[in-house]
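J.: Got a sequence here, can you model it:
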Amino acid sequence: MRTLAAYMDEYSESHQNPTNILIHKVCVPAIMFSLLGIFKAFPVPESWPMWLDWSNVLIILALIYYGMFKNIRVFSAMMVLIIPMILLLELLRPRFFILSVLIFVVAWIGQFIGHKIEGKKPSFFKDLFFLLIGPVWTMNSLSAQAGIDLQIKN
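T.: Model (predicted):
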């Protein structure tokens, strides 16, 4: 597995245009939110605990992946992003599925428009793990604007 810094450097190569960067700061969290909403709507086995649904499985797997980078700041930043999404989806229950699908489609259209403006293909075309790196890159960018260093270094 590559280092987080290596992933971030490669991801940054196709995210240089200010318009594309702005689009990603909006669309990446929107895609995360909508994906959690879509997964939350899938039925689960009756034997599962009440709190466990497919969105939580997705979150657990993603957090395991982020934890493999051994960077508590990145892990914490991702929790800061994910927890409000979970709470909002619970508040929207049971009306979140159609909204989530709509947000998902619109946000992906935005992403592809951003990459058209950038003139480069999305990174996940090379490696699907970039679908998990995009949120970290976005949180790193937003954190830097707030004066918080996530300490992603080689």
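J.: Please spell out the segments of the protein that come in under the pLDDT threshold.
T.: Filtered on pLDDT under 70, the chain yields the residue ranges 154.
J.: mind listing what the most centrally placed residue in it touches?
T.: In the chain, the C-alpha nearest the mean C-alpha coordinate belongs to Pro135, at 3.6 Å (Cα atoms, centre = their mean). By Cβ atoms under 8 Å, 6 or more residues apart in numbering, the contact set of Pro135 is Val28, Pro29, Met32, Met78, Leu81. No exception for glycine: its C-beta is placed from N, CA and C like everyone else's.
J.: Same check on Ile113?
T.: Ile23.
J.: repeat for Arg93
T.: By Cβ under 8 Å, 6+ apart, the contact list for Arg93 reads Lys40.
J.: how close does Leu4 sit to Phe104?
T.: When distances are taken as Cβ to Cβ, to the nearest Å, Leu4 and Phe104 turn out to be 26 Å apart.
J.: Neighbour count: the two, which is higher?
T.: Leu4 (23 against 18; other Cβ atoms under 10 Å).
J.: Hmm, that one is touching Asn140, no?
T.: No - using Cβ atoms under 8 Å, Leu4 makes no contact with Asn140, being 9.5 Å away.
J.: Need the overlap of contacts for those two.
T.: Between them, Leu4 and Asn140 have Val74, Ile152 as joint contacts when contacts are counted by Cβ under 8 Å, 6+ apart.
J.: now the helices: where do they sit in this protein?
T.: Secondary structure of the chain, counting by DSSP state H: helices at 4-13, 18-41, 54-67, 72-92, 96-118, 130-145.
J.: any idea how far Ile103 lies from Leu35?
T.: The spacing between Ile103 and Leu35, counted by Cβ to Cβ, is 9 Å.
J.: Got a quick ChimeraX command for the buried subset of the contacts of Pro135?
T.: When burial is assessed using 16 or more other Cβ atoms under 10 Å, the buried subset of the contacts of Pro135 is captured in ChimeraX by this command:
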select :28,29,32,78,81
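J.: which one of the contacts of Pro135 sits closest to Gly119?
T.: Val28 (19.2 Å; Cβ to Cβ).
J.: In contact with the closest residue in space to the closest one that isn't next to it in sequence, which residues are there?
T.: Taking Cβ to Cβ, 6 or more residues apart in numbering, and ignoring the residues beside it in sequence, Val28 has Thr138 as its nearest neighbour in space, at 4.3 Å. By Cβ under 8 Å, 6+ apart, the residues touching Thr138 are His24, Lys25, Val28, Pro29.
J.: Before I go, just wanted to say thanks for your time.
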